[in-house]
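Engineer: Build me a structure from this.
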Amino acid sequence: MKILSINYSNFRNYKELFLEFKKPLIFFIGNNGEGKTNIIEGIYLFSTLKSFRDNLDEEMINWNSDYYYIRSEILKDVPKIIEIGYSKEKKKKIKLNGNELNRKADLIGELKTVALTPTDLKIIEGGPVERRKFIDTFLCSINKNYMESLLEYTKILKQRNKALKEKNVSYNELFAWDKMLSERGSFIKEEREKAVLKLTNYFQENLTNLSMQKDSFEIKYRPNIKENNYLQKLNEKRDFDLKMGFTSVGIHRDELFIGKENLDLTSFGSQGQKRSTVIAMKISTYNYIREVSGVYPILLIDDVIRELDAKRREFFVSLLKNSGQVFFTTTDLEGIKEFISSIKENIQVFKVEGSLVKEIYL
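Structural biologist: As a prediction, the model looks like this:
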């Protein structure tokens, strides 16, 4: 799986941008604020239809326009074309090989990506919400049924909470919501459990390598409803929920523990430990996708390597030698030249200055 070319119109700071990729390791170098991250953000959109910065579509439109359009040619057994367009009036339109897709889920799996960014630390520091989001984003990117179930669950939850706030909803009406929540929630819980269990082994190995065997943390899935009695728990909490005006149990309250001996990493971990841990988690999703799907996901590494010490950079070089296509952003190559010298023949470099992107040669 690889991207052959991208074409952006009115996306972020790019009025027009066309790039072809001929090597497996692609670097975008330039000063901060020049638009390097915008390029790989667009690539991430082809995979997930979302920004890894959590921006809304209208925020990705060029200042002097009212729409954006991005197009990529990918190679997945055979060449395919993905097109995404968004305008403030017509909203988002998605096409695969020229055919419009009516459901977001229909694009899932066509292009698999894993993004590593400096903001990933929020997975560690942001509490249960960010950790659930980490699991959900990862699973939605590879599992159409999971994505659809999560969207349905979120919609049903909002409707149930709205009914609870109105106070005059009957038990029979609530039971109808409860049954649907239970069906979707049970499936989501099961998929989360299986995924975290598989991620754990990868995580331990990656963290050991990144920390030079100094750190030994664990990740554990802690479901809000532990037993297989989802509907029963909703029933037990019905009066309480009516009193409080919200749904107090369910997969929207699940937690992902990250730490050691029941102590969460946020309570004792250094910034270095947190950074190594979150990188180990993200690379674990890369390992998972590679094993389950049989293809190499595309890695998007946004200004991460330069923050690491020499030993941790060696981990990435080892990873790159056994990876597919990788896109990097960095301010320059000076700090990492010695680490990429052994793979120089596989590298393509683009200099980014504002809206101008030009290929340069080492």
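Engineer: Provide a list of residues in contact with the closest residue to residue 7 other than its chain neighbours.
Structural biologist: Excluding its sequence neighbours, the residue lying closest to residue 7 (C-beta to C-beta, 6 or more residues apart in numbering) is residue 71, at 4.3 Å. Every residue, glycine included, has its C-beta placed from N, CA and C. Listed by C-beta atoms under 8 Å, 6 or more residues apart in numbering, the contact partners of residue 71 are 6, 7, 8, 81, 82, 83, 84.
Engineer: Surely the second one touches residue 39?
Structural biologist: No. Between residue 7 and residue 39 there is no contact under C-beta atoms under 8 Å: 11.7 Å.
Engineer: Those two: who's more crowded?
Structural biologist: More crowded of residue 7 and residue 39, by other C-beta atoms under 10 Å: residue 39, with 25 against 19.
Engineer: Nearest to residue 43 among the contacts of residue 71?
Structural biologist: residue 6 (6.8 Å; C-beta to C-beta).
Engineer: neighbours around the closest one, how many?
Structural biologist: Neighbours of residue 6 (other C-beta under 10 Å): 22.
Engineer: Would you confirm that residue 264 contacts residue 257?
Structural biologist: Yes. Using C-beta under 8 Å, residue 264 is in contact with residue 257, at 6.7 Å.
Engineer: So for the two, which residue has more residues nearby?
Structural biologist: The neighbour count for residue 264 versus residue 257, taken as other C-beta under 10 Å, is higher for residue 257 (18 against 15).
Engineer: Looks to me like the more buried one is in a strand.
Structural biologist: Yes. Using DSSP: H, G, I helix; E, B strand; the rest coil, the assignment for residue 257 is a strand.
Engineer: Nearest spatial neighbour of it, chain-adjacent residues omitted?
Structural biologist: Nearest non-adjacent residue to residue 257 (C-beta to C-beta, 6+ apart): residue 220, at 4.3 Å.
Engineer: do the same with residue 21
Structural biologist: Residue 21's closest residue in space is residue 3 (C-beta to C-beta, 6+ apart), at 5.8 Å.
Engineer: Where does the one you found sit: helix, strand or coil?
Structural biologist: strand.
Engineer: Quick check, it in contact with residue 76.
Structural biologist: No. At 10.0 Å, residue 3 and residue 76 do not qualify as touching, with contact defined as C-beta under 8 Å.
Engineer: hey, what's in contact with both of the two?
Structural biologist: residue 111.
Engineer: the more surrounded of these two?
Structural biologist: residue 3 (21 against 13).
Engineer: Could I get the contacting residues of the more buried one?
Structural biologist: Counting by C-beta under 8 Å, 6+ apart, residue 3 touches 21, 43, 46, 72, 73, 74, 75, 111, 298, 325.
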